[in-house]
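**Student:** Below: sequence and its predicted model.
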Amino acid sequence: MKIQRKGQAGTMQSSDLMVIVEPADGLVIEIESTVKKQFEHLIRARLEQVLAKHGAEGARISVNDRGALDYAIEARLETALRRAGGLS
Amino acid sequence: MAAYQLRRSLLYVPGNMPAMLQNIPLFECDAVLIDLEDAVPLNEKDAARVLVRCFLDQYKARNKEILVRINGLDTKWALDDLKTVLPGLPDGIRLPKADSPEIVERLDTLLTEFEEELGLDIGHFRILPSIETALGVINATSTAKASTRLIGLAFGAEDYTATMEIERTKSGEELFNARMRVLWAAKAAGIQAIDTIFADVNDMEALRRETELIKRLGFTGKCMVNPRQCDVIHDVFAPKAAEVEHALQIIDAIKRAREMGTGVISLHGKMIDAPIVIRAARVLRTAQAHGLVDIEISEEDIYGTE
């Protein structure tokens, strides 16, 4: 699956997150979070899981998390990938 | 007879707000209407349906009825709404702008196709159509019979007053004819009648007055925009203790009457016959659904045996 352009999804409201997907070399994940200390590894694991599910590569994934639960992380990343032309 | 499903309070939840969606298990309402239509801006339609689907996939211990309000079938979003959300197994679809029976029939056909694809029983997904335009009100009688999936008719006063080019007032005189027409259509078809939202979240007194009015008219439930409105609505719809006691006496009296070979008897000087018994049974079923009484009212209790 190829990232064709920048794709953004989500909001900065509480319990949500903002995801930006851009074309890049390799696969880079950057996470900012209100609960970074406790949960960064879990957020990353969830993102990686979704990326793997869609076979995403060649992308920089920037996440600004406001305490989102797993289902919201999955949904926002999926929408960002879709908007980046990486999903049918 | 199938258990009487209580639908007193149906809460709109915006489909694109995780903070609201994930509170759904905690709300005390009987049903939620997860909204992909008016609460979602045009440029977020794609995001909202994915978010709702992901939410439904992990909401396994369902503790209330889940309806999704899709975009109108005449929009370019409706099909994608259904395609994305239905595998998350909501209980049904709230169909906006159900102006004619044909629109409901179209949704019925689509739902059947999805049920076949998903390997579900045909009829799994229910429909709650919104009667919310002048045309919708005129056609309500035939719309109410358009599909066996219908759980009721829902009246939508905000859009209705917009199509009528009138203001909505708190006393609601301007809604009276439309409400009655929706009620007649629903009652004639044997389905529930759900009233419109009350928009002023801070005016609990007016909410109570409106809910009392629509209950007296025959509505069985009301939509709402804020979980804080739940208590007032439940309080109004809860059968009062005296009402329940009286209903129990009526059922008792009619049983005695039948033993004596008659279908009519006097209770506290008032005549008890079939329509009174049917109303009493309704009170008791509602009371039972509220957990106020622990008795099952059978068809035999209501109608007797041949």
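**Tutor:** Structure's in. What do you need? These numbers come from a predicted model, not from an experiment. Numbers count the residues shown, from 1 in each chain, chains lettered A, B, ... in the order given.
**Student:** any idea how chain B splits into domains?
**Tutor:** Taking automatic domain parsing as the reference, chain B has its domains at B:9-237, B:241-303.
**Student:** my guess is B:L107 is in a strand, correct?
**Tutor:** No: with DSSP: H, G, I helix; E, B strand; the rest coil as the criterion, B:L107 is located in helix rather than a strand.
**Student:** My guess is it contacts B:I127. True?
**Tutor:** Yes: in this structure B:L107 lies within contact range of B:I127 using C-beta atoms under 8 Å: 6.0 Å. The C-beta positions use only the backbone N, C-alpha and C, and glycine is treated the same way.
**Student:** Need the residues touching each of the two.
**Tutor:** Listed as contacting both B:L107 and B:I127 by C-beta atoms under 8 Å, 6 or more residues apart in numbering or on different chains are B:I93, B:L95, B:S147.
**Student:** shouldn't the first one be in contact with B:I127?
**Tutor:** Which is B:I93. Yes: B:I93 lies in contact with B:I127 (C-beta under 8 Å); the separation is 5.6 Å.
**Student:** If you count surrounding residues, which of those two has more?
**Tutor:** Legend: neighbour count by other C-beta atoms under 10 Å in any protein chain shown for B:I93 and B:I127, higher for B:I93 (25 against 21).
**Student:** How much space separates the more buried one from B:I131?
**Tutor:** 15 Å (C-beta to C-beta, to the nearest Å).
**Student:** Figure out which of the domains of chain B is closest to chain A.
**Tutor:** domain B:9-237 (4.0 Å; C-beta to the nearest C-beta).
**Student:** and that closest one with chain A, contact?
**Tutor:** Yes: applying C-beta under 8 Å from any C-beta of the partner chain, one finds domain B:9-237 touching chain A at B:16-19, B:22, B:46-47, B:50-51, B:53-55, B:57-58.
**Student:** which other helices and strands contact the longest helix along chain A?
**Tutor:** As assigned by DSSP state H, the longest helix anywhere in chain A is helix A:36-53. Packing partners of helix A:36-53 (3 or more C-beta pairs under 8 Å, 6 or more residues apart in numbering or on different chains; DSSP states H and E): strand A:27-33, strand A:59-65, helix A:70-83.
**Student:** Now do the same contact list for the residue most central in space within chain A.
**Tutor:** What sits nearest the mean C-alpha location of chain A, by C-alpha atoms, centre = their mean, is A:L77, with 4.0 Å. For A:L77, the contacting residues are A:A9, A:V19, A:V21, A:L47, A:V50, A:L51, A:I61, A:V63, by C-beta under 8 Å, 6+ apart.
**Student:** Report the two of those residues separated the most.
**Tutor:** The span of those, defined through C-beta to C-beta, is set by A:A9 and A:L51 at 14.1 Å.
**Student:** What is the neighbour count of the closest residue to B:F125 other than its chain neighbours?
**Tutor:** Setting aside the residues directly before and after it, B:F125 is nearest to B:L111 in space (C-beta to C-beta, 6 or more residues apart in numbering or on different chains), at 4.6 Å. B:L111 has 23 neighbours, counted by other C-beta under 10 Å.
**Student:** helices and strands around the helix or strand where B:L111 lies, which ones?
**Tutor:** Applying DSSP states H and E as the criterion places B:L111 in helix B:101-118. Here helix B:101-118 touches helix B:78-85, strand B:92-95, strand B:126-131, helix B:140-143, going by 3+ C-beta pairs under 8 Å, 6+ apart.
**Student:** wait, B:A238 sits on B:H290?
**Tutor:** Yes: between B:A238 and B:H290 there is a contact under C-beta under 8 Å: 5.5 Å.
**Student:** who touches the nearest residue to A:T11 once chain neighbours are set aside in this structure?
**Tutor:** Nearest residue to A:T11 in three dimensions, chain neighbours excluded: A:M18, at 6.5 Å (C-beta to C-beta, 6+ apart). By C-beta under 8 Å, 6+ apart, the contact set of A:M18 is A:Q8, A:A9, A:G10, A:T11, A:M12, A:V63, A:N64, A:R76.
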